[in-house]
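**Student:** Please find the sequence and the predicted model below.
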Amino acid sequence: MTEPAHVLFVCVRNSGKSQMAAALMRQLAGDRVLVTSAGTAPGARLNQESAASLAEIGASLDGEFPKQLTDEMLREADRVIVLGTEAQVVRPEGMRATVEVWQTDEPSLRGITGAERMRLVRDDIRHRVEALLTEMDANHGIAAQLRPVLGEHSPTVLP
């Protein structure tokens with residue numbers, strides 16, 4: 001059996017957006033994709049508004065906590081996704097993955113705060129994770145295995 005693809009989500013604090021992306025990927029992909037998240041300057045605790053917005057759609061941050069990004073994490077990943085433009089990832093020797101930056105929606109810049117802000121951030125990240133699964137399917141056949149898990153949220157794969 002082939003090793004699952006390993007996706008690493010990174011942000012500065014690893015308390016909100018990268019944790020959300022990881023939780024959403026786990027929800028959609030189950031154990032078919034190895035998922036980790038980390039921060040370049042991790043915070044002390046998870047963002048509770050992020051956790052609450054994920055709980056609304058059945059995703060969970062249970063057992064998670066902010067983690068420091070390490071060179072080993074970067075070397076082990078097949079895909080490295082940086083959420084936002086603040087986190088800077090320095091490529092260690094031996095890293096094979098490219099670094100992709102997702103410039104995620106920031107509703108607070110439009111005066112949207114609280115639970116409404118988190119839902120918009122969550123939904124933006126969820127769409128990006130679904131698109132990533134579609135791309136992984138096109139390149140590696142991942143999403144074809146995920147359709148039973150994704151159900152109504154199954155990404156569309158174009159011929």
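**Tutor:** Happy to help now that I have it. Numbers count the residues shown, from 1 in each chain.
**Student:** Next, count neighbours for V7.
**Tutor:** By other C-beta atoms under 10 Å, the residues close to V7 number 26. No exception for glycine: its C-beta is placed from N, CA and C like everyone else's.
**Student:** how about the strands in the protein?
**Tutor:** All strands of the chain, identified by DSSP state E, fall at 5-11, 33-39, 79-83, 99-102.
**Student:** Dump these into a markdown table; add distance to R126 as well.
**Tutor:** Shown next, in a markdown table, are the strands of the chain (distance: least, C-beta to C-beta, whole Å):
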| stretch | distance to R126 |
| --- | --- |
| strand 5-11 | 13 |
| strand 33-39 | 14 |
| strand 79-83 | 12 |
| strand 99-102 | 12 |
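**Student:** of those strands, which approaches L133 most closely?
**Tutor:** strand 33-39 (8.0 Å; C-beta to C-beta).
**Student:** Now do the closest one: distance to the chain's middle.
**Tutor:** 7 Å (C-alpha atoms, centre = their mean, to the nearest Å).
**Student:** Where in this protein is the helix or strand with the lowest mean pLDDT?
**Tutor:** helix 142-150 (a mean of 42; mean pLDDT, DSSP states H and E).
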